[in-house]
Every structure is written in structure tokens, then in C-alpha cells.
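Engineer: what's the 3D shape of this:
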Amino acid sequence: DYVSYFHSVDFPFVNAFMQTILRDNNVTSQNGRGESDKNLLIGNELMVSYFLQTRSFADVFADSTLPMETLEPILLLESREFLNRLMVKGVSVDSVRKFTLAYLAERLFRVVDFEGLADVFQQRFGVDMKQVLSIQYKRKGLPSYIVEPLGEDVVPGDLEVRFSRFRVYNDSDVDGFIHVEKSIPVDDGSPFGWNKRTQNYQYEAYELKAHTGIEVRTRTYGRTTLNTNLACNVPSVYSINFAGYNDDTSQYVRPLRKEAFLPLGNELIVDNVDDGCVIKQTEQTWVERWKEVDMMPWEKYCEVESWLNTTRWRELVSSNAWGTPLRTCLFKGVGRGLCAVEWHVQIPQAGEYEIWVYIPDLAMFDKDAVQLYTIKQNGWKEMVELGSLYKDGWMALGRFYCQEGECVVSLSDEGKETQIIYADAVKWVRENE
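Structural biologist: A predicted model of the protein is given here:
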């Protein structure tokens, strides 16, 4: 940048850090932070999560082997965390941006001392920017959240009045920060609005100490997302979708204990990453084994459907999958019944159980797709064909009498020609007597 350059003895990265903040929150950007997010792919998030789970921001700059493709997303996510930390102290993103630009405007084509900027910032807002950044710089590890987007309520008769609800629990020993991104429609008065910004963006941050939770209901105006930002959660963005109409206009932040996030007492859930999930597939070829020799831990996950012709079960990271902190599911191309996924659970009490399977909305692209399940227990089995995948989320296989002991749900790789088979989570819900 030839207009301004930030310098700091204590924070050698500060120029790239502050320039990232200004670029990421540029009000002339047509899509807001979406311009930066184009380069923040799920693979980058996985890479950042893997690196920072055992390291600090300071360690990033002590590692001379760190590739640029890792450094750039770390800077972006750390800059957003910095703004979250300032927001919980009462300073909005817009205030930080306007203050910084005004400060720079008086010092064009000069080296800008970050400590001097921070001193003036503290005089203006009563927040010590240097202290905030120092704490963040030294923090080691990442928080891990249990996230439940509860939906968006619309007030009847006024579609402009909306309230988004969500619950989050920090299930780790590391304090963390999350934020909500609220899009606000903009009418620029032009008939088409080509190349014009159609949304303004407002951010709202929350601090979550280790092993604490909150439930939030907040006023929103359009598309709303919850962002876990720097955390073990990947993908980090959760959409808050329309839930229904509601006259209630209250807003709140309520503390919650972990018990509020656990499955109900009559529910048993096995995800595709749990010990109770068994993957059965054909032996790897020597080419597949060779490709995995130098594979980094995050590279085993897929994030795009360029792999969809795979003949083996692979793990896909997707915002549409079930799970925490990683939202993943298994997938493979249709086969001949030689490969399967099995979910094993111990039924604690005999009775009627409704069995549900989680279907990622990726499966909805193929309306003719079918998934073939078999429920097995003590030599008894029943096959269920699940077709017409008209919606994503939990879909019922039916009600079954399950005896005490192990029960297995198996998914075959058989199906319609060219379709993709998806395996995510299975849930057993005991019916009330």
C-alpha cells in the first residue's frame, strides 16, 4: 500500500493486519465481506483451524515455513476476531473503520505509528487497542462451539420487522468470540442497481467464556448469519432461516448451561464421525494410497463436488451437514452394494423407537435419488427405501420395536444410476408410553 504504512515494534504484522481490516470492511465493496470470503474457502478454514488449535497468533510469525496460502486466511480471521473483541467493548466495526481512515487521512504517504493510533483511539473510545491485540496475539488454542440456529421470526403484517434466534455453547477451555452479520437492504433509487451495493451490513459480537452458553434473540432486517470465526467449527458460517410468524418483539441474551444443548433423554444420535459409525468399503488402489502419503490432515476432507465420482466413501465438509464442531458427511458414487455405512447404537430400554436419518440438502439436487437402509437387531432386519428427497434435514425411516441391546442401521451404496449416496447422522427417538 503506497498511501499509508502501519509500523509497530511489538506487532510486526500490524501493517498487513490493519490493511486487511480496512479492505475487508470497505463500504464501497459490492458484497461487503463477501469479497474477502471468496478467498476464504472451507479448505482454508480447515487449515487455519488445524494450525491454531495448538498455536498462538504470535507463533504464526515465528514459523518461517508457513506458506502464504495459510498466512492470508489467518490474518483475515484474526482481524475479524480483533473487531469482535472491540465490539464487545462497545466500539462498532463502522466506528473502527471511520476512525482509522480519518487518522490516516492526516498522515498520507507517511509511516503510521500503531502505538500512536492506539493512544488516540483510547482517548476517543476509552478502549486500549494495544492491550486487546496483545491478549489476542498471545492466546493459544481455539474454542469449540455447539451451535443451534433457532430461526428467524417475522412479525405478522410487517415483513421488515424480524428477530433472529440462536443458541451457542463454548464447549472448550478457551474463551471465544462470535458475531452475527445482519444484512440491511439498500434502495439506491436506480432502476437496476448494477454494480451497486444492494446491502449494508451490521455486526453484533458476543463473548463466550470457556464452558458457558447463551441464547440470543436480536432484531434483524434481512439475510442473517451467525459466524463462529476463529474456532474449531468448520464451516464457520451458520445461516439463520425463516422459522415462522411471531408477535413477540422482545430481544434478549440469556445464559445457558450445557445441559440445554444435549439430546433429549429419549434420543440417541450417532454421527458419521462417532465411534458407532462403521465404514465398509473396497480396498484402496496403490494410486489412492500413494496420494495419501504426503496428505496434510485437513486435506482428507472434500469441500467441492469435483470428487463426486469417487468409488470409495469420502468425507465432505459442508454447511448443510450435521455435526459439531466439524459439519461433515460421507458420500460416494452409486455402487453394487459392496460398500456400506453402519450406525451402531446400544438401546437402553426396549420399546417403540422412531428412527431418523439426516439428509444434507446436497442430495436434493437429484430428485430421482433413492437411499437404501436396513434396520437390524438380533437376527431381525427390515429394509427401507428412502426416496423423493424433497427436503433436507431429519427424515423418518419409520417406527420400529427395538429390544434392549445393539441396533444397527445400514446404508447400502446401491441406488439409481449416476446418483450420489450421502451418509450423515442417524437418530433413534423412543416413543412415550
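Engineer: pLDDT weak spots in the stretch 251-400 of the chain?
Structural biologist: Low-confidence regions of the stretch 251-400 of the chain, defined by pLDDT under 70, span residues 284-299, 302-309, 362-367, 388-391.
Engineer: now with 50?
Structural biologist: 306-307 (pLDDT under 50).
Engineer: so where do the helices sit in it?
Structural biologist: Taking DSSP state H, counting those that start in this stretch to define them, one finds helices in the stretch 251-400 of the chain at 286-291.
Engineer: repeat that for the stretch 1-150 of the chain.
Structural biologist: Counting by DSSP H, counting those that start in this stretch, the helices of the stretch 1-150 of the chain are 14-24, 34-37, 42-52, 57-62, 68-87, 93-105, 114-125, 129-138.
Engineer: got the ones you listed as TSV, with distance to A205 columns?
Structural biologist: Placement of C-beta: from N, CA and C, glycine included. Putting these into TSV (distance: least, Cβ to Cβ, whole Å) gives the following:
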stretch	distance to A205
helix 14-24	14
helix 34-37	17
helix 42-52	19
helix 57-62	18
helix 68-87	4
helix 93-105	9
helix 114-125	15
helix 129-138	12
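Engineer: of all those helices, which one is nearest K381?
Structural biologist: With Cβ to Cβ as the measure, helix 42-52 is the member of the helices of the stretch 1-150 of the chain nearest K381 (37.1 Å).
Engineer: circling back to that earlier point, for the helices of the stretch 1-150 of the chain, which has the smallest mean pLDDT value?
Structural biologist: When the helices of the stretch 1-150 of the chain are ranked by mean pLDDT, helix 34-37 comes last with a mean of 74.
Engineer: residues making contact with that helix?
Structural biologist: By Cβ atoms under 8 Å, 6 or more residues apart in numbering, the residues outside helix 34-37 that reach it are R23, D24, N26, S29, L76.
Engineer: how much space between the fourth one and N84?
Structural biologist: Between S29 and N84 the computed distance is 19 Å (Cβ to Cβ, to the nearest Å).
Engineer: how about F177, secondary structure?
Structural biologist: For F177, the assignment made with DSSP: H, G, I helix; E, B strand; the rest coil gives strand.
Engineer: what is the neighbour count of it?
Structural biologist: 24 (other Cβ atoms under 10 Å).
Engineer: what sits against the closest residue to it other than its chain neighbours?
Structural biologist: Leaving aside its chain neighbours, F177 sits nearest to N84 (3.9 Å; criterion: Cβ to Cβ, 6 or more residues apart in numbering). N84 sits next to F177, I178, H179, A205, N229 when contact means Cβ under 8 Å, 6+ apart.
Engineer: who wins for neighbours among these?
Structural biologist: I178 (28 neighbours).
Engineer: I'd guessed it sits against T212; true?
Structural biologist: No. Contact criterion Cβ atoms under 8 Å: I178 and T212 do not qualify, at 12.0 Å.
Engineer: restricting to C-alpha, output stretch 334-350 in CSV.
Structural biologist: Once non-C-alpha atoms are left out, stretch 334-350 reads as follows in CSV (Å, rounded to 0.1, in the frame of the first residue of the first chain):
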residue,chain,number,x,y,z
VAL,A,334,-23.5,-45.3,-6.6
GLY,A,335,-22.1,-48.9,-6.4
ARG,A,336,-23.2,-52.5,-6.5
GLY,A,337,-23.8,-53.0,-2.8
LEU,A,338,-20.2,-53.8,-1.9
CYS,A,339,-19.8,-50.7,0.3
ALA,A,340,-21.9,-49.6,3.2
VAL,A,341,-22.1,-47.3,6.2
GLU,A,342,-23.4,-48.7,9.5
TRP,A,343,-24.5,-46.8,12.6
HIS,A,344,-24.4,-48.9,15.8
VAL,A,345,-26.2,-47.9,19.0
GLN,A,346,-27.0,-49.6,22.3
ILE,A,347,-30.7,-49.5,23.0
PRO,A,348,-31.0,-48.9,26.8
GLN,A,349,-34.7,-49.9,27.1
ALA,A,350,-36.9,-52.0,24.9
